[in-house]
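Sequence and computational prediction follow.
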Amino acid sequence: MALKFQFIQTILSIMTNEVSEKTSSTVVQKITAAAMWLLEKIKALPPIAHFIRAADRFNDRLGSQFGAAITYFSFLSLIPILMVLFAAAGFILASNADLLTDIIDKIVNGVTDPSLAQTLKNTVNTAVNQRTTVGLSGLAIALYSGISWMGNLREAVRAQTRDVWERKPEDKDHILLQYGKDFIALTGLVAALIFTVALTSIAGSAQASIVNALGLNDVTWLRPVLTTIALTISISANYLMFLWIYWMLPKKKLERKALILGTLMAAIGFEGIKFAMTFMLPKLAQSPSGAAFGSIIGLMAFFYFFARLTLFCAAWIATAEPSKKKHLDGAEQTEAPEVEEQTSASN
């Protein structure tokens, strides 16, 4: 009797477990279906859908690879720029004998290693004696590398903003005409960059000078207000630079509203990159390896994030829905009920 009761109890427990497993499986399926439904609803929201379209275009059109190429050419273009700066230092030292003597004396007195001191002295003398040759050759190489860099940036931006991935044969200009356009675009970008840096620097120095002149250092609420003003000026300067890029480089005319919003997004993102770099570089310099390679790594990271940000925002601008299409869709939705009412009335 006890064995029969134990057998029946075992059968009932097995049936109960099967029912509970089926119930739990049904609950899991319902939760999964609800989560997928909610995810689809979130993905259907216009801002989220726009972001997904931009990310898909950025990945499909090799945005990361173009960003790496722009980083490489950006870093490579620094060499002729350093040559020009080296020649400029040579002209300054050649016109100021006292400054040249002072620098040589500081090298001799400050460097304990005689071979290193002699190497630095030879470098200074080379900068003075070969300033014209180094300056002209560096300027020519900088001009060529700068135009090539602008050409790579142009092709990367156009790859994100074209309607189709393949470039049409008629879109390719004559090489001399293209070099001329790239030179004009490079000149405008350099002018915009100089203007943005000058505007940011003047705003920061003017802020400190005004506070010190008025004796308002003890006013606690004034500092965040001035910080906000300086940040706004810096973002505005970034906006002008990115507006030049997105206005000049694409082959087709972009949607105006999307251009304004995408440029603003790029300007804010670029300010975030600059803030992150100013925060991370001192951290890298604290270690011996970071002190040796931190500036190079930071510079490459800066160029890479700048390139990715520029191309992603270009993809975001290009994947925006035209305002006319939205207007027509809204008009169709409003006209549909009227047609249904007229049909029902005629019946």
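Good, I have the coordinates.

Look at residue 294 and report its pLDDT.
Per-residue pLDDT puts residue 294 at 71.

how about the helices in the stretch 101-250 of the chain?
Assigned by DSSP state H, counting those that start in this stretch, the stretch 101-250 of the chain shows helices spanning 114-129, 131-161, 175-214, 222-248.

quick one, the shortest one and helix 131-161 angle?
Spelled out, that is helix 114-129. Put simply, helix 114-129 runs at 90 degrees to helix 131-161, going by axes from the mean of the first three to the mean of the last three Cα atoms, to 10 degrees.

same for helix 114-129, what does it pack against?
helix 78-94, helix 97-110 (3 or more Cβ pairs under 8 Å, 6 or more residues apart in numbering; DSSP states H and E). C-beta here means a position set from N, CA and C on the backbone, and glycine is covered the same way.

Residue 182 is nearest to which of the ones you listed?
helix 78-94 (16.2 Å; Cβ to Cβ).

Tell me the confidence at the spatially most central residue of the chain?
Centroid-nearest residue in the chain: residue 309, 2.6 Å away (criterion: Cα atoms, centre = their mean). pLDDT, residue 309: 95.

In TSV: the helices of the stretch 101-250 of the chain, plus mean pLDDT and distance to residue 79.
Below are these laid out as TSV (pLDDT from 0 to 100; distance: least, Cβ to Cβ, whole Å):
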stretch	mean pLDDT	distance to residue 79
helix 114-129	72	16
helix 131-161	86	8
helix 175-214	75	17
helix 222-248	84	23
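
re earlier: of all the helices and strands packed on helix 114-129, which has the lowest average per-residue confidence?
helix 97-110 - the lowest mean pLDDT of the helices and strands packed on helix 114-129, at a mean of 69.

got the angle for the helix or strand that contains residue 260 vs helix 222-248?
Secondary structure from DSSP states H and E places residue 260 in helix 256-284. Counting by the same axes, to 10 degrees, helix 256-284 lies at 120 degrees to helix 222-248.

returning to what we had before: would a markdown table of the helices of the stretch 101-250 of the chain with mean neighbour count be doable?
Converted to a markdown table, the helices of the stretch 101-250 of the chain look like this (neighbours: other Cβ atoms under 10 Å):
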| stretch | mean neighbour count |
| --- | --- |
| helix 114-129 | 14 |
| helix 131-161 | 18 |
| helix 175-214 | 14 |
| helix 222-248 | 17 |
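
SS state for the residue lying closest to residue 269 once chain neighbours are set aside?
Closest residue to residue 269 apart from its sequence neighbours, by Cβ to Cβ, 6 or more residues apart in numbering: residue 309 at 4.8 Å. Following DSSP: H, G, I helix; E, B strand; the rest coil, the label given to residue 309 is helix.

sorry, back to before: could you say what helices and strands the helix holding residue 260 packs with?
Right, helix 256-284 is packed against helix 222-248, helix 288-318 by 3+ Cβ pairs under 8 Å, 6+ apart.

Nearest to residue 252, out of the helices and strands packed on helix 114-129?
Between the helices and strands packed on helix 114-129, helix 78-94 lies closest to residue 252; by Cβ to Cβ that is 32.3 Å.

list the buried ones in the closest one?
Neighbour-count burial for helix 78-94 flags 80, 83-84, 86-87, 90, 93 (criterion: 16 or more other Cβ atoms under 10 Å).

Could you identify the pair within those that is furthest apart?
Farthest apart among these - using Cβ to Cβ - are 80 and 93, which lie 20.3 Å from each other.

Generate a markdown table for the helices and strands packed on helix 114-129, with distance to residue 295 as supplementary columns.
Shown next, in a markdown table, are those (distance: least, Cβ to Cβ, whole Å):
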| stretch | distance to residue 295 |
| --- | --- |
| helix 78-94 | 11 |
| helix 97-110 | 21 |
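
sorry, back to before: roughly how far apart are the residue nearest to residue 269 and residue 199?
20 Å (Cβ to Cβ, to the nearest Å).

Can you verify my assumption that residue 233 contacts residue 199?
Yes - with contact defined as Cβ atoms under 8 Å, residue 233 and residue 199 form a contacting pair (6.3 Å).

so which of the helices of the stretch 101-250 of the chain gets nearest residue 33?
Nearest to residue 33, of these and by Cβ to Cβ, is helix 131-161 at 36.1 Å.

Could you tell me how far that closest one lies from the centre of the chain?
In terms of Cα atoms, centre = their mean, to the nearest Å, the centre of helix 131-161 is found 19 Å from the chain centre.

report the angle between the axes of it and helix 175-214?
Using the same axes, to 10 degrees: helix 131-161 against helix 175-214 is 100 degrees.

Run the angle between helix 131-161 and helix 288-318 for me.
50 degrees.

packing partners for helix 131-161?
Helix 131-161 packs on helix 63-76, helix 78-94, helix 175-214, helix 222-248, helix 288-318, going by 3+ Cβ pairs under 8 Å, 6+ apart.

Dump those helices to JSON lines, plus distance to residue 122.
What follows is the helices and strands packed on helix 131-161, written out as JSON lines (distance: least, Cβ to Cβ, whole Å):
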{"stretch": "helix 63-76", "distance to residue 122": "26"}
{"stretch": "helix 78-94", "distance to residue 122": "13"}
{"stretch": "helix 175-214", "distance to residue 122": "33"}
{"stretch": "helix 222-248", "distance to residue 122": "40"}
{"stretch": "helix 288-318", "distance to residue 122": "23"}
